[in-house]
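> With the sequence up front, the predicted model follows.
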Amino acid sequence: MHVRVNAAISADGKLSSRRREQIAISGDDDFDRVDRLRAESDAVMVGVGTILADDPSLTIDSADRRENRREKGLAENPARVVADSHIRTPPNATVLDDSAETYLLVSEAAPSDFVAQMEEQDATVIATGENRADLAGAFDELQSHGIERLFVEGGGEIIFSLFEEGLVDRLSVFVGSVVIGGRDAPTLSDGDGFVEDFPQLDLERVERVDSGVVLEYDVPA
Ligand SMILES: NC(=O)C1=CN([C@@H]2O[C@H](COP(=O)(O)OP(=O)(O)OC[C@H]3O[C@@H](n4cnc5c(N)ncnc54)[C@H](O)[C@@H]3O)[C@@H](O)[C@H]2O)C=CC1
Ligand SMILES: Nc1nc(O)c(N)c(N[C@@H]2O[C@H](COP(=O)(O)O)[C@@H](O)[C@H]2O)n1
């Protein structure tokens, strides 16, 4: 599987403010770039923290891109994947609507009534790991459902876990010309953080977009 991570951060590295509400850090051109990356993917993934904060649809905005996918025999929207070890996805979350397939990555401790409720809403539940979704195992399972190109949009907890497990192939970051600040505001990569063996990145491209820049990195194995 090929895993691309993308996010928009402030000049001081924040994904949002300490209120954890969605903030428009990038502009129309960057949202269009993200829409293109969604259209080139088999699935778009976020952590449940992002579902709770933003309630995103994770679908493709552009009618032309959806039509292109249909012409290629693909579903008009990529599948949606939510990492939700502790079962916090609300039953009325937009990702559970019928505009695309949805997968929930839970731990083996997920209660069966939650699994049944999500399956009633046509979500596919993948249980791996004792107390936290085992992302590598879950990705193997996603591959068996035909998901080869996975596009991860955040947030900071899930991005850290993916780096920690060596699962990231590509990273693109929009850096906006704004300062958000706040020791409790989420950053691009949160979790416990690294103290050694920091993942190294190869900077491949820098491009001005909107009033910021997009940094495009390869992540060597
Ligand atoms: N500016 C941007 O591009 C974006 C900003 N955001 C912002 O980020 C914030 C949400 O980020 P976070 O709170 O970090 O939440 P997150 O979206 O990274 O979700 C973290 C949650 O995922 C679940 N999870 C399941 N399996 C996991 C695993 N193996 N490893 C880690 N987590 C696992 C846990 O319940 C954990 O609490 C919001 O403020 C949102 O607005 C989110 C996406 C993009
Ligand atoms: N690329 C980008 N730029 C920003 O400024 C942002 N705040 C975000 N946030 C993420 O965008 C997604 C919105 O999803 P929908 O359009 O509702 O499907 C979601 O993942 C946000 O967290 N992204």
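Sure thing, it's come through. Just so it is clear, the structure is predicted and the values come from calculations on it, not from any experiment. Numbering: from 1, shown residues only. Ligands and ions are numbered 1, 2, ... in the order given.
> What is the neighbour count of Pro186?
25 (other Cβ atoms under 10 Å). In short, each C-beta sits where N, CA and C put it, glycine included.
> so how far is Lys14 from it?
7 Å (Cβ to Cβ, to the nearest Å).
> ok, and for the lowest-mean-pLDDT helix or strand in the chain, which residues are buried?
Here the helix or strand of the chain ranked lowest by mean pLDDT, DSSP states H and E is helix 112-120, holding a mean of 91. For helix 112-120, the buried set under the neighbour-count rule, 16 or more other Cβ atoms under 10 Å, comprises Phe114, Val115, Gln117, Met118.
> Got the phi and psi for Glu204?
Recorded main-chain torsions at Glu204 are phi -100, psi -30, according to degrees, to the nearest 10.
> Now do it, the pLDDT please.
pLDDT, Glu204: 98.
> correct me, but it touches Tyr217?
Yes: using Cβ atoms under 8 Å, Glu204 is in contact with Tyr217, at 6.4 Å.
> who touches Cys203 in this structure?
Careful, residue 203 is Leu and not Cys. Taking Cβ atoms under 8 Å, 6 or more residues apart in numbering as the criterion, Leu203 is in contact with Leu215, Glu216, Tyr217.
> Determine the set of other helices and strands touching the helix ranked longest in the chain.
As assigned by DSSP state H, the longest helix anywhere in the chain is helix 28-39. Here helix 28-39 touches strand 2-9, helix 63-71, strand 170-175, strand 202-209, strand 212-218, going by 3 or more Cβ pairs under 8 Å, 6 or more residues apart in numbering; DSSP states H and E.
> and of the ones you listed, who's closest to ligand 2?
Within the helices and strands packed on helix 28-39, the stretch nearest ligand 2 is strand 2-9; the backing value is 3.2 Å (Cβ to the nearest ligand atom).
> what comes into contact with that closest one?
Under the criterion Cβ under 8 Å, 6+ apart, residues 15, 25-26, 30, 34, 37, 41, 139, 148-155, 159, 162, 167-176, 187-188 lie in contact with strand 2-9.
> Alongside ligand 2, which residues does the protein contribute?
Within reach of ligand 2 by Cβ under 6 Å from any ligand atom, the chain has these residues: 8, 22-26, 30, 34, 46, 50, 54, 56-58, 153-154, 174.
> Export the least confident helix or strand of the chain to PDB, keeping only CA atoms.
Listed next in PDB are the C-alpha coordinates belonging to helix 112-120 (Å, rounded to 0.1, in the frame of the first residue of the first chain):
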ATOM      1  CA  SER A 112     -20.100  -5.600  19.800                       C
ATOM      2  CA  ASP A 113     -23.100  -3.300  20.100                       C
ATOM      3  CA  PHE A 114     -21.000  -0.500  18.700                       C
ATOM      4  CA  VAL A 115     -19.800  -2.700  15.800                       C
ATOM      5  CA  ALA A 116     -23.400  -3.800  15.100                       C
ATOM      6  CA  GLN A 117     -24.600  -0.100  15.100                       C
ATOM      7  CA  MET A 118     -21.800   0.900  12.700                       C
ATOM      8  CA  GLU A 119     -22.500  -2.100  10.400                       C
ATOM      9  CA  GLU A 120     -26.200  -1.200  10.400                       C
END
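> Since that was my last question, I'll sign off now.
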